[in-house]
Every structure is written in C-alpha cells, then in structure tokens.
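Undergrad: Build me a structure from this.
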Amino acid sequence: MLINEAGISPRSVRYFFTPSSFAERIFFYPTRIGHYFCGRDYHFHSGSEVAMQPGHHFHYMIFLIKQGMMELELDGAHSVAARDAAVLFDCKRAHEYRALTDDLEFYWLVFDGPMSETFYTQILEMRDGAHTFPAADPAQLQLLFVRLLTYAELSARRPEHSLSELIYSMLCGLLAGPHGADGRAGTLVDRALGFMDQHFADDLPVDDIAAHVGLSTSHFTKYFRRQTGYSPHEYVVLRRIDHAKELLLSTDQTVKQIAYATGYNSEENFIRSFKKKVGVPPSSFRRYPV
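TA: A predicted model of the protein is given here:
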C-alpha cells in the first residue's frame, strides 16, 4: 500500500470508510483508519493542503502510541506522547504532530457521529483539558483498533452498527481512569466508595468523605470524578435513589419514612430529588415502576 506522506514506512496501512446517510444520523462512524510506522521525517499539521479539505477537518481523531515518541501541538497546547499514550483531538481545531524518534508506531482513527462532541467534551473535562494522556487499558484499545483494521481489509462492507460499537467501546475506554497511573488516587477512591456505600443514608457532606481518605475536598472531587465519572455528590444522590426504589417496591414504608431512611432531611426534598432523577414522584413509581 503506497502512502504518499513523507516519513511513513511501506509497512504502514491506511483505509477509508464512507458512511451511509443513516449512519451519519445515528451511529459513530469511521472515515479513515491507519497503522503507521514512521521515521523522524514524519510531520503533519492542520495548515497543510490535505488538512484544509472538508473531509479532514470536520471530524475527531484518536491515536494510540505503540512505540517511539511523538510531539504534538493541539489547540495551542504542547505535549509529548510515548508508548501506551492515547491522544484525542478535534480536527476542526489547530493541530500539528511529528515523530520524535525513528521508531514511531501508532494507530489512528478519524471518526464522527451525533454523540462525538459530547464524548469528546466529557473525556477532555475528565483529563483537565489534556489531549494526551495514558490509555486506561492500552491492550484493549489496541484490540479495538485491530478489529477495525481487520474489517477495513475485507472487500465487503461490514454492517455499520458493528463499526459504531467498536468506536463506542473506544470512547468509553478513554473515559476510564488509567489503570495504575495513579495507584494512590485509585486506592483512596476505592476507600471513599466503601465509606459512601456504608453511610449514604447519613448526613454526608463531601468535606467529610474527603477527610475520611485524607484529601482536600477539591483534590478528592477531582480524583473521584476522574476515576468514576461521577461527582461525589451525584454518586451519593444516585445511591440514595436506587435504595429508595427498592424500599418503595419491597416495603410498606411511607414516602416520608423512606425519605429519612435514605438520608433526606425532609419528604419534600426527597420527592423533588427523586422526580428530578427518575421522572416521576415516588408515589407514582411505587404504582408503576419505571
């Protein structure tokens, strides 16, 4: 396969996908995917002729660095990506990257879909805006890349929902905190979860949870969201609502009794919180579980 870009080894592969109008409306879909082996001459930037074409700059891009090092300038921020690093950026924003070593090997995917911007924003928010970060499970991410590449090699088109499922799995993996990248933070969050599960029905300010694991409130909140995807407050609320559902369906306790049993200081606050999360008040849920 001839790839007419400087610095790319003949071992490299690149494939193109053309999504159906149906896929564009409801799925995640790939437009290009590749597995590159590069030398120091490899360099790409958003001001190049190919990057200015609509087919390039309307989408999002994921890298997985397999070997070597890459230097990136993404949306004004400089970073270096090495083995097992993931990279995520919006092709509509300024981007530039180059090989720093002669043994650079990386997988890449250009994708889009109706929910792409939502995932992109959430992943970056959990990474404090960093476009380059340790992959939570590099082996799993590589497997998903390989499966997409295998589909691309086939002469027949694969069902587009299969491609969408693989990209969705990639994005969910990027939402996860890196395994072992901050072992202390992960252990503290596990301790916090145990404490919260035991005391969710008590008055449980976030300050008290943070103090239990020996962190400041701001640091604990950041670590907790990064590891779980929830804020501590939201986790407690959802834990209370889940328990309230069980009590509504398995006991004869009144709504007021259940409110206090699940940590609320008034029946009114419980009803308001329950309806906000579930869509119906507790009394309606008891009659018609949804």
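Undergrad: Listing partners with orientation, what would you give for the helix or strand hosting Glu96?
TA: According to DSSP states H and E, Glu96 maps onto strand 95-99. Applying DSSP bridges to the sheet, strand 95-99 is found paired with strand 43-45 (antiparallel), strand 70-74 (antiparallel).
Undergrad: and of these, who's closest to Leu188?
TA: Nearest of those to Leu188, taken as Cβ to Cβ: strand 70-74 at 30.2 Å. Quick note: C-beta positions are derived from backbone N, CA and C, even for glycine.
Undergrad: Which parts of the stretch 1-150 of the chain are helices?
TA: Remark: helices assigned in the stretch 1-150 of the chain by DSSP state H, counting those that start in this stretch are 21-26, 54-57, 116-126, 138-153.
Undergrad: Rounded mean pLDDT for the strand holding Glu96, please.
TA: Averaging pLDDT along strand 95-99 gives 96.
Undergrad: ok, residues contacting it?
TA: Residues from elsewhere that reach strand 95-99 (Cβ atoms under 8 Å, 6 or more residues apart in numbering): 7, 38-46, 61, 68-75, 87, 89.
Undergrad: out of these, which are buried?
TA: In terms of neighbour count (16 or more other Cβ atoms under 10 Å), the buried residues within those are 7, 38, 42, 44, 46, 61, 68-70, 72-74, 87, 89.
Undergrad: For Pro138, state which of these is nearest.
TA: Using Cβ to Cβ, Val87 is the member of those that sits closest to Pro138, with 12.4 Å.
Undergrad: From Gly76, how far off is the closest one?
TA: As for Val87, its distance to Gly76 is 15 Å (criterion: Cβ to Cβ, to the nearest Å).
Undergrad: Spatially nearest residue to Phe145, not counting backbone neighbours?
TA: Tyr107 (4.1 Å; Cβ to Cβ, 6 or more residues apart in numbering).
Undergrad: That should have said Ala176, apologies.
TA: Nearest residue to Ala176 in three dimensions, chain neighbours excluded: Ala136, at 3.9 Å (Cβ to Cβ, 6+ apart).
Undergrad: Might one say that that neighbour is in contact with Cys172?
TA: No: counting by Cβ atoms under 8 Å, Ala136 sits too far from Cys172 to count as a contact (9.7 Å).
Undergrad: which ones are touching Phe44?
TA: Taking Cβ under 8 Å, 6+ apart, one finds 5, 51, 96-98 in contact with Phe44.
Undergrad: For it, list each beta-bridge partner.
TA: Beta-bridge partners for Phe44, by DSSP bridges, are Tyr97.
Undergrad: Relative to Thr31, how far out is it?
TA: Look at Phe44 and Thr31: by Cβ to Cβ, they are 16 Å apart.
Undergrad: likewise Lys256?
TA: Distance, Lys256 to Thr31, by Cβ to Cβ: 56 Å.
Undergrad: Backbone torsions only: list them for Ala130.
TA: Note on Ala130: its backbone torsions stand at phi -70, psi 130 [degrees, to the nearest 10].
Undergrad: now it: how far from Ala81?
TA: For Ala130 relative to Ala81 (Cβ to Cβ), the value is 11 Å.
Undergrad: do you know which of the strands paired with strand 95-99 lies nearest Leu248?
TA: Among those, strand 70-74 comes nearest to Leu248, with 48.4 Å by Cβ to Cβ.
Undergrad: Mean confidence (pLDDT) on the closest one, please.
TA: On average, strand 70-74 scores 97.
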